[in-house]
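Colleague: Following is a predicted model, sequence given first.
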Amino acid sequence: MKPWAPSEIVVDLNGPEPLYSQVARQIGAAIEDGRLPNGARLDNELDLAARLHLSRPTIRQAIQSLVNQGLLVRKRGVGTQVVRTKVARPLRLSSLFDDLSELGDKPESVVLVNRVEPAGDDAIEHLEAPGLTHVRRLKRVRSTGGEPLAIMNNYLPDGIVDPADDELREKGLYQLLRSAGVRLHAAQQNVGARQATEEDAELLDEKPGAALLTMRRTTYDDSGKVVEYGWHVYRASRYSFNLSLTNNV
């Protein structure tokens, strides 16, 4: 396939579609069909504006539109780069690691917390284990294509699994649980949204206040025991949940 060049953009100055939208639509199409591959860098705003004989604000608005769609990312010292399109994840009993792997991506993880600690009231409540004395606490940043996607937090009953940091970097939590003989059966899940905190923004390469998707999940084994409680946040610009509905009437 011939590499994409800005000269391929054709702008109708008298058409009803806004100029920034025409530019964004054509760059987006080049990303979607692979002419602009993941990691490709765009010319800076001044150069693009000069090539297309458009104003810099028009080009800036076009690029921001694609950033908001999760197709481009701005990096200090690097410029504007193409990123993978948004991850669309089905709502099912699987881990993010599993779903990214099935999509052909290579998930990457940074392990921030992996320790056993005394069980607080919050952990005891969510793990539905009044007599629990200790829990394993996990916190990881999951990335794909070199871009951070989610912050994953988990409580597990102490002793159910004892992963090393290397295992958490190379495998998903559900994969580790299954390898330990845990038979995952069902889960209760809540999906919501909130704005990014300063810490979220730093870990996810977003701006404070950016939109994030949230998910809370309680996972049960085949005996009805809670084996994991997770609370996670995802970049809304890079991630969505898919839900299939059926009519049972």
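Modeller: Now that the structure is in, tell me what you want to look at.

Colleague: where exactly do the helices run in this structure?
Modeller: Remark: helices assigned in the chain by DSSP state H are 19-32, 45-52, 56-68, 96-102, 121-126, 165-170, 173-179, 198-204.

Colleague: Give me the phi and psi for Gly77.
Modeller: Torsion angles at Gly77 (phi, psi; degrees, to the nearest 10) stand at phi 80, psi -10.

Colleague: quick one: it from Arg41, how far?
Modeller: 12 Å (C-beta to C-beta, to the nearest Å). The C-beta positions use only the backbone N, C-alpha and C, and glycine is treated the same way.

Colleague: which of these two has more neighbours?
Modeller: A direct count of neighbours by other C-beta atoms under 10 Å for Gly77 and Arg41 places Arg41 higher, at 12 against 4.

Colleague: Who are the contact partners of the closest residue in space to Val110 that isn't next to it in sequence?
Modeller: Spatial nearest neighbour of Val110, excluding adjacent residues (C-beta to C-beta, 6 or more residues apart in numbering): Val141 at 4.5 Å. Contacts for Val141 (C-beta atoms under 8 Å, 6 or more residues apart in numbering) come out as Ser109, Val110, Leu112, Pro148, Ala150, Ile151, Met152, Leu203, Leu204.

Colleague: which residues does Val141 form a beta bridge with?
Modeller: Applying DSSP bridges to Val141 gives these bridge partners: Val110, Ile151.

Colleague: ok, it to Leu156 distance?
Modeller: Distance of Val141 to Leu156, given as C-beta to C-beta: 18 Å.

Colleague: And the nearest residue to Glu117 once chain neighbours are set aside, how close does it get to Met152?
Modeller: Leaving aside its chain neighbours, Glu117 sits nearest to Arg137 (5.4 Å; criterion: C-beta to C-beta, 6+ apart). Arg137 is 12 Å from Met152, where distance means C-beta to C-beta.

Colleague: which of these two has more neighbours?
Modeller: The residue with more neighbours, out of Arg137 and Met152, is Met152; 25 against 18, by other C-beta under 10 Å.

Colleague: So which helix or strand of the chain has the lowest pLDDT on average?
Modeller: The weakest-scoring helix or strand in the chain, judged by mean pLDDT, DSSP states H and E, is strand 87-90 (a mean of 45).
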